[in-house]
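Enquirer: Structure of the sequence below:
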Amino acid sequence: MEAVIKSRQLQKALQAAFPYTIPIFASFWFLGLTYGIFMHVCGFSFWYPMLMSLLIFAGSAEFVAAQMLLGAFNPLQALAMTLMINARHLFYGISMLDKYRGNGWKDLYLIFGMCDESFSINYTAQVPPGVDRGWFMFFVTLLNHLYWFSGATLGGLFGALLQFDTTGLDFVMTAMFVVIFLEQWLQSRQHRSALIGLGAAVLCLLIFGADKFIIPTMLLILIALTLFYKPRKRGSAL
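Expert: Model prediction:
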């Protein structure tokens, strides 16, 4: 009986999470296919995009990793570049401290699989009554991971048969980040963190220039959010 109840809970969480991920499915398959084809054009077997999408699951970093694999072995440069590209996940993690707390082993996968899109859904979605929030966030993350993995794998397999122009891909990712920012702005009750991010970016852009402002901006935002972070008390309103 307990197993049946558990199965029904999982089914309800999956059914509640799936509709939120449908738009992500379209974008992830497009970008995943592009990534797989791009890896093929660079001379890599389909095993590379398949395993990288499964084990790394960091879209923009995976595109950059393709170029790194073609160059000289330089682990320090790879580390610095990866941190610069994915440093935004530090701030995602800070904002999800309360939501990810208390989900048991699922927290490990939620932390690993937190991408821009999963963060946006799990941060803003209104979980239906009767649906376990932990399992809801787990299935959102898992479905998005599977979309990216399957798209990248198919792109690698069919790369030899298709010709795909990757021009404009950077703009697609920029537009995606803008949409995520606007959605969070509209869903959030207070905009202090967003204003801190915008202010830090503008300030560092003026001081360091367009080529060197990203890392100082991330450090400044991290310090500011750490100083202003206040844990919510249990039972307090969100």
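Enquirer: Show me where the protein has its helices.
Expert: For the chain, helices defined by DSSP state H occupy the ranges 2-41, 47-55, 59-70, 75-86, 88-95, 97-100, 106-112, 116-124, 133-158, 169-187, 192-208, 214-228.
Enquirer: Among the ones you listed, which one carries the weakest average confidence?
Expert: Here the lowest mean pLDDT among the helices of the chain goes to helix 169-187, at a mean of 67.
Enquirer: ok now stretch 214-222, how far from the chain's centre?
Expert: With Cα atoms, centre = their mean, to the nearest Å as the basis, stretch 214-222 stands 18 Å off its chain's centre.
Enquirer: who touches that stretch?
Expert: 83-84, 87-88, 90-91, 94, 196-197, 200-201, 203-205, 207-208 (Cβ atoms under 8 Å, 6 or more residues apart in numbering). For every residue, glycine as well, the C-beta is placed using N, CA and C.
Enquirer: Export it to PDB, keeping only CA atoms.
Expert: Output of stretch 214-222 as PDB, limited to C-alpha atoms (Å, rounded to 0.1, in the frame of the first residue of the first chain):
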ATOM      1  CA  ILE A 214      32.500  39.700 -15.900                       C
ATOM      2  CA  ILE A 215      34.600  38.200 -13.100                       C
ATOM      3  CA  PRO A 216      34.700  41.500 -11.000                       C
ATOM      4  CA  THR A 217      31.000  41.800 -11.500                       C
ATOM      5  CA  MET A 218      30.400  38.200 -10.200                       C
ATOM      6  CA  LEU A 219      32.600  38.800  -7.200                       C
ATOM      7  CA  LEU A 220      30.900  42.100  -6.400                       C
ATOM      8  CA  ILE A 221      27.400  40.500  -6.700                       C
ATOM      9  CA  LEU A 222      28.500  37.500  -4.500                       C
END
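Enquirer: rewinding a little: any chance of the helices of the chain in CSV, with mean neighbour count too?
Expert: As requested, these are exported to CSV (neighbours: other Cβ atoms under 10 Å):
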stretch, mean neighbour count
helix 2-41, 17
helix 47-55, 19
helix 59-70, 17
helix 75-86, 13
helix 88-95, 16
helix 97-100, 14
helix 106-112, 15
helix 116-124, 21
helix 133-158, 22
helix 169-187, 13
helix 192-208, 15
helix 214-228, 16
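Enquirer: Against I56, how distant is the nearest residue to T153 once chain neighbours are set aside?
Expert: Setting aside the residues directly before and after it, T153 is nearest to M50 in space (Cβ to Cβ, 6 or more residues apart in numbering), at 4.3 Å. Using Cβ to Cβ, to the nearest Å, M50 is found at 11 Å from I56.
Enquirer: Then S45?
Expert: For S45, the distance to I56 - Cβ to Cβ - is 16 Å.
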